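Asker: coords below, sequence missing:
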């Protein structure tokens, strides 16, 4: 679970890229959200995915260290 960039091919044969965010939920399932690079652009799609993951982790009631940014790089 986390945030990852995925490239896949549609049935039409065209490639697309997206960022996928995943996080655990309190009921034992996982939450997820996907953001198209074509629609939002590379940086915004990544930022939206990170935001959704952090929001999901906050809703679990975890300490802030689990969801706050640790640095300015894309791994934070």
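Answerer: Received the coordinates, thanks. Just so we're clear, the structure is a prediction, and the values are computed from it rather than from any experiment.

Asker: next up, the contacts around the residue of the chain positioned farthest from its centre.
Answerer: For the chain, the residue at maximal distance from the C-alpha centroid (CA atoms, centre = their mean) is residue 12, at 25.6 Å. Contacts for residue 12 (CB atoms under 8 Å, 6 or more residues apart in numbering) come out as none. C-beta here means a position set from N, CA and C on the backbone, and glycine is covered the same way.

Asker: name the SS class of it, please.
Answerer: coil (DSSP: H, G, I helix; E, B strand; the rest coil).

Asker: residues making contact with the lengthiest helix in the chain?
Answerer: Ranked by residue count under DSSP state H, the longest helix found in the chain is helix 42-59. The contact list for helix 42-59 (CB under 8 Å, 6+ apart) reads 2-3, 5, 18-26, 31, 33-37, 39-40, 66-68, 74.

Asker: quick check, residue 35 in a strand?
Answerer: Yes. The assignment for residue 35 is a strand, going by three-state DSSP.

Asker: so which bits of stretch 27-35 are buried?
Answerer: Across stretch 27-35, burial judged by 16 or more other CB atoms under 10 Å covers 31, 33, 35.

Asker: so what's the first one up against?
Answerer: Translated: residue 31. Shown in contact with residue 31 (CB under 8 Å, 6+ apart): 22-25, 52, 56.

Asker: again, but for the last one
Answerer: The contact partners of residue 35, taken as CB under 8 Å, 6+ apart, are 18-21, 44-46, 48-49.

Asker: look at it and report its pLDDT.
Answerer: Listed pLDDT for residue 35 reads 98.

Asker: quick thing: my sequence starts at 722, can you match it?
Answerer: Yep, numbering from 722; the last one is residue 756 now.

Asker: name the residue closest to the centre of the chain, please.
Answerer: For the chain, residue 742 is the residue whose C-alpha lies nearest the centre (CA atoms, centre = their mean; 2.4 Å).

Asker: cheers, nothing more for now.
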